[in-house]
Structures are given as structure tokens and as C-alpha cells.
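**Q** got a sequence here, can you build the structure:
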Amino acid sequence: MRVVVRAISELCLTVGTLIVLFVVYVLFWTGIKADSAMDHQIDVLQEQWSKGTVPRSPEARTDASKGAGGGGGTAPGSPKAPGPYEYGAPFAVMYIPRFGFTWNKPVLEGTATQVLKKGLGHYRGTARLGQEGNFSVAGHRRTYGDPFKDFPQLRRGDAVVLTDGTTWFTYRVDKGPYKTVPSDVEVIDPVPRKSGYTRPGRYLTLTTCDPEWGHSHRLIVWAHLDSTQPVEAGKPGALRR
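**A** Numbering: from 1, shown residues only. Here you go, the predicted structure:
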């Protein structure tokens, strides 16, 4: 009996140790690797932008529609459409002041697992940055740097700012976080379902998993393009403390 009890105790201790090591890996090591990967993607973009090797859009004017809610969301001063994004490669940096003024993440083309380990992912087939349609982006809630950990804190009127190296794009949140299921793909339609928008415009959709450590549901936030300005004009007001 003593031998059996000792064996069971040792087995429990081994299993417990493995569980602790797995938790450490999930909580810390993947985060460290992801933060390093995201920093590298931003460095790659900064180097490309400094060399002018990324296709540059025409200078944007600062005028834009401020309509929200039931439609609007168009920005006549937006740059012309950029060229096709390269799958798995970064093309923009996103800033969300609600998450803190040090929060910034690269946006890459595609939403496959390997892509989302390096930053946020642009849904292929959705609108390009600043263009008419629905520019849709996914990100992990937890693990791999926890980019959208604070997603539920987003509120109407919050700014989501992106840059492609030539232009600043400021979107304003209109609705969310809205909870739905993964099969509800209409949330990234050009005029997304249940967003409150009723006609074509220049929209942004952000998606992440829910619950915090699960993936049975999705949280959605919708925003409209509020303004644009060339990077030469300095940071937009939303990024000024």
C-alpha cells in the first residue's frame, strides 16, 4: 500500500510540475517571443519606409466625414488604394490610445496562426487601409503577446490610429464590443451586419476571441474612418497626450 501511495504521489507531483511548466510557457515564453517578433516587424517597416521601398500613396488631405452610427463614415480625402499586400508581411502599425500610449502593434496580411504570432492580421479580401469597404483586422486576446487583452475596454468614440508610413488614418469606434460566434462572417462584410451602418463607407472591424482564454465566441468592434493626414504633418491629435 505504501508503495502504491508513494507512486501516486510522485505521479501527481510530476503532472503538477508539467502543468506549471506549460502555464509558464503559455503565459510568459510565448509572450516574450511574440513581443520580440512584433518589434522586429515594426523595425522592418520603419527600415522600408525610411528607404522608400514600400509603395507610397498620394498625400492625403485632412478633410474627412465625421458621420458615424447609421451610415456615413466616408472620407473623400483618403489616399488612393495601395498595391496588393504581400501575404504574411507587415504593411502598417496600429495604435489604440485606450490601451495605453505605448501600445502599438504591426498589421500583417493574413490571419493564419503563424501570421498572428507576429502581430495583428488583416483579413484577406477585405478593404485595404483607408479605402471604401471594411478594413478588417484580427488579433489574439491572450497568448502571443496578448495584443487584444484589453479589447472589452473599447468604447464608442475611442480612436484606432494606423499608419502605412505615408499617411495617418484615424478611425473612431461606433459600436462594440459585440459578442458573436466564429461562423458569423458577415461581421466583416463591406457593410457589416449588425454594425448599424446602412450604406457603403470606409469602415474598420476589429475581432478577437472570447472568453479570455477560449475561442468559442468572438468580440467585434466597428469603427468609421474619421480623418487622415500625411505623416509629414506630425502625429494626429488622438496620439497626443
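**Q** next, count neighbours for residue 38.
**A** 23 (other C-beta atoms under 10 Å). (C-beta placed from N, C-alpha, C; glycine too.)
**Q** so who does the closest residue to it other than its chain neighbours touch?
**A** Nearest residue to residue 38, sequence neighbours excluded (C-beta to C-beta, 6 or more residues apart in numbering): residue 119, at 4.9 Å. By C-beta atoms under 8 Å, 6 or more residues apart in numbering, residue 119 lies in contact with 37, 38, 41, 90, 105, 106, 107, 108, 139, 147.
**Q** show me the helices in this structure, by range?
**A** Using DSSP state H, the helices of the chain run over 2-24, 30-51, 113-116.
**Q** I'd like the average pLDDT over the second one.
**A** pLDDT averaged over helix 30-51 equals 88, rounded to a whole number.
**Q** for it, name the packing helices and strands.
**A** When contacts are defined as 3 or more C-beta pairs under 8 Å, 6 or more residues apart in numbering; DSSP states H and E, helix 30-51 sits against strand 90-95, strand 104-109.
**Q** roughly how far is it from the heart of the chain?
**A** 15 Å (C-alpha atoms, centre = their mean, to the nearest Å).
**Q** what are the C-alpha coordinates of it, in PDB please?
**A** This file holds the C-alpha atoms of helix 30-51, laid out as PDB (Å, rounded to 0.1, in the frame of the first residue of the first chain):
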ATOM      1  CA  THR A  30       5.100  32.800 -26.000                       C
ATOM      2  CA  GLY A  31       4.600  36.400 -24.900                       C
ATOM      3  CA  ILE A  32       8.300  37.100 -24.900                       C
ATOM      4  CA  LYS A  33       8.700  35.600 -28.300                       C
ATOM      5  CA  ALA A  34       5.700  37.400 -29.700                       C
ATOM      6  CA  ASP A  35       6.800  40.800 -28.400                       C
ATOM      7  CA  SER A  36      10.200  40.200 -30.000                       C
ATOM      8  CA  ALA A  37       8.600  39.200 -33.300                       C
ATOM      9  CA  MET A  38       6.200  42.200 -33.300                       C
ATOM     10  CA  ASP A  39       9.100  44.600 -32.500                       C
ATOM     11  CA  HIS A  40      11.000  43.000 -35.400                       C
ATOM     12  CA  GLN A  41       8.100  43.500 -37.800                       C
ATOM     13  CA  ILE A  42       7.900  47.200 -36.900                       C
ATOM     14  CA  ASP A  43      11.600  47.600 -37.400                       C
ATOM     15  CA  VAL A  44      11.200  46.000 -40.800                       C
ATOM     16  CA  LEU A  45       8.500  48.500 -41.700                       C
ATOM     17  CA  GLN A  46      10.500  51.500 -40.300                       C
ATOM     18  CA  GLU A  47      13.500  50.500 -42.400                       C
ATOM     19  CA  GLN A  48      11.400  50.100 -45.500                       C
ATOM     20  CA  TRP A  49       9.700  53.400 -45.000                       C
ATOM     21  CA  SER A  50      13.000  55.200 -44.400                       C
ATOM     22  CA  LYS A  51      14.300  53.800 -47.700                       C
END
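**Q** and it with strand 104-109, angle?
**A** 80 degrees (axes from the mean of the first three to the mean of the last three C-alpha atoms, to 10 degrees).
**Q** show residues contacting helix 30-51.
**A** 54, 90-93, 104-106, 108, 117-119, 143-147, 165-166.
**Q** show me the shaky parts of the protein.
**A** Within the chain, the segments meeting pLDDT under 70 span 4-6, 10, 15-31, 53-82.
**Q** in it, which spans are strands?
**A** Remark: strands assigned in the chain by DSSP state E are 90-95, 104-109, 120-122, 133-138, 159-163, 167-180, 202-210, 217-230.
**Q** appreciated, that's everything.
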